[in-house]
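**Q** show me how the following folds:
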Amino acid sequence: MLFVNPLTDSERLTLENMQTHHPIPIVRKRAHSILLSSQGYSIPNIIRILGGCRQSVSRWLRVWDSIGIIGLIERHRSGRPRKLSVEQEQKAVEKIQENPRSIKKVLAELSRETGLSICKETLKRICKRAGLKWKRIKKH
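**A** Numbers count the residues shown, from 1 in each chain. Here you go, the predicted structure:
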């Protein structure tokens, strides 16, 4: 069975605070799993209490033993870079506000100006990030 090494008082206090007050739910769950493991709960019991899968819980315990508290915090993950820069996205939002009913026209203008072609869904995401609403117009 995999258990964490005995916790110091400061580690226990920090984990208890993380379990109750951390803004990210998965970090609270990880802290709780470390506390349960230090109390002698096995991995199957931790899974029954918190849910999740065996691999995740055992990974949390291994990371805790190797790195410590930093291993519990969610790190930034890489993803695909955005096609448009921030300035280009602002221009796209301005063009949408000028012509809210002609999306194809806005896409063509953006393609002509930037040399990049984006799809309608990408333009929708840009508009949502800018706080604009996207609703279908009903034709009567």
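
**Q** contacts for the helix or strand containing C127?
**A** Following DSSP states H and E, one finds C127 within helix 120-129. Residues outside helix 120-129 that contact it (CB atoms under 8 Å, 6 or more residues apart in numbering) are K83, L84, E89, A92, V93, I96, I103, V106, L107, L110, W134. In short, each C-beta sits where N, CA and C put it, glycine included.

**Q** which of the residues you listed lies closest to I67?
**A** The shortest approach to I67 among these belongs to K83, at 35.1 Å (CB to CB).

**Q** burial check on R82, number of neighbours?
**A** 13 (other CB atoms under 10 Å).

**Q** list the contacts of it.
**A** E89.

**Q** measure it to T122 for me?
**A** Distance of R82 to T122, given as CB to CB, to the nearest Å: 9 Å.

**Q** with L84 instead?
**A** 8 Å.

**Q** now swap in E94 and tell me
**A** Distance, E94 to T122, using CB to CB: 16 Å.

**Q** wait, L15 sits on S33?
**A** No: contact between L15 and S33 fails when scored by CB atoms under 8 Å: they sit 9.7 Å apart.

**Q** of those two, who's got more company?
**A** S33 (27 against 23).

**Q** wait, the more buried one touches S58, no?
**A** No: here S33 does not reach S58: they are 9.8 Å apart, not a contact under CB under 8 Å.
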